[in-house]
Each structure stands twice: as structure tokens, then as C-alpha cells.
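A.B. asks: Structure of the sequence below:
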Amino acid sequence: MVKCRYYDICNAPICPLDKDSLENGIWYSQEPICQNPEFSDNIVIRNMKAISKIDKSGETWYNYEMLNNELNFNGAIKGLSSDTIDKESVQNWIRKYTIKKAISKVEYNTNFASTIYEIRSGSIIAEGGK
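C.D. replies: Coordinates of the predicted model:
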């Protein structure tokens, strides 16, 4: 871990400078948040600050994968319960709370063309294919 000047006073369970906490860290909404101003614009830190104002229970958890998205804060947001630790639940949470971005027609056509090329070249197998 890279030494942060706030290391001695910061007890944040998810630290932008600590690879292990980014990969394995779990944060509850009433736990400390990174205090280093260099990271105040970081999407994860911004989401943690917003969630801490909404989810006052502190009973549900969030991880880096969940927090590293543009989240929809309309209404309540709630993390996962402490007995839920599977990858599928994390992915379902991300689908539920992530802002769905509208893509341009150019992006759609580019993605579509790329996918068709990958299917035809055998890079990926179409659903139902062999």
C-alpha cells in the first residue's frame, strides 16, 4: 500500500490507495470514508458520501465493485445484508442501482457490428450455438 498522509487518522475500510481493500474491502454506510482530499472527486468516495446520508441503518454493506458505478440515488438505496456475500447478489444490486445510460445510435451500431464480427470469427459463441 502506498503511504497516505492521512493513514494515521483514517480508518476507512475501502481506501483508494490500498489494492487489498479495493479487491476485498466491505464498507457499511456508517463507517469512515477516505479523508484524503486528493480523492474527493473519486466516484467511489462520492458514492460513499451520498450513501452515508441516505442509508442511516449501517446494517448493509457495499464493496468497491458496487460503489464504482454511476448510481441512481432517487429514493432509498440499500446495500446487501451481512449474510449475502455471493457474486450474483452483487451483480443484481449493480443492475438495480446503476444508472442505465442511453447510448447513441453510433455506439449501438459499433457494438452490434463488433459483436456480429466476434460471433462470425468464433471469438464468442452465440447463445444456443456450439
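A.B. asks: close enough to count as contact, Ile77 and Lys53?
C.D. replies: No. Checked against C-beta atoms under 8 Å, the pair Ile77 and Lys53 is beyond contact range at 10.1 Å. The way it works is simple: take the backbone N, C-alpha and C, and place the C-beta from them, glycine included.
A.B. asks: So between those two, which is more surrounded?
C.D. replies: Taking other C-beta atoms under 10 Å, Ile77 and Lys53 do not tie; Ile77 has more neighbours (19 against 9).
A.B. asks: Contact partners for that one?
C.D. replies: Residues near Ile77 by C-beta atoms under 8 Å, 6 or more residues apart in numbering: 51, 54-55, 71, 97.
A.B. asks: ditto for Ile9
C.D. replies: Gln35.
A.B. asks: Likewise for Ile54?
C.D. replies: By C-beta under 8 Å, 6+ apart, the neighbours of Ile54 are 29, 73, 76-77.
A.B. asks: which non-adjacent residue is nearest Ser29?
C.D. replies: Using C-beta to C-beta, 6 or more residues apart in numbering and skipping the chain neighbours, the partner closest in space to Ser29 is Asp55 (4.0 Å).
A.B. asks: So the one you found versus Trp61, what's the distance?
C.D. replies: For Asp55, the distance to Trp61 equals 10 Å [C-beta to C-beta, to the nearest Å].
A.B. asks: got any residues that touch both of these two?
C.D. replies: Gly79.
A.B. asks: how about the helices in this structure?
C.D. replies: 19-24, 43-54, 64-67, 87-97, 105-121 (DSSP state H).
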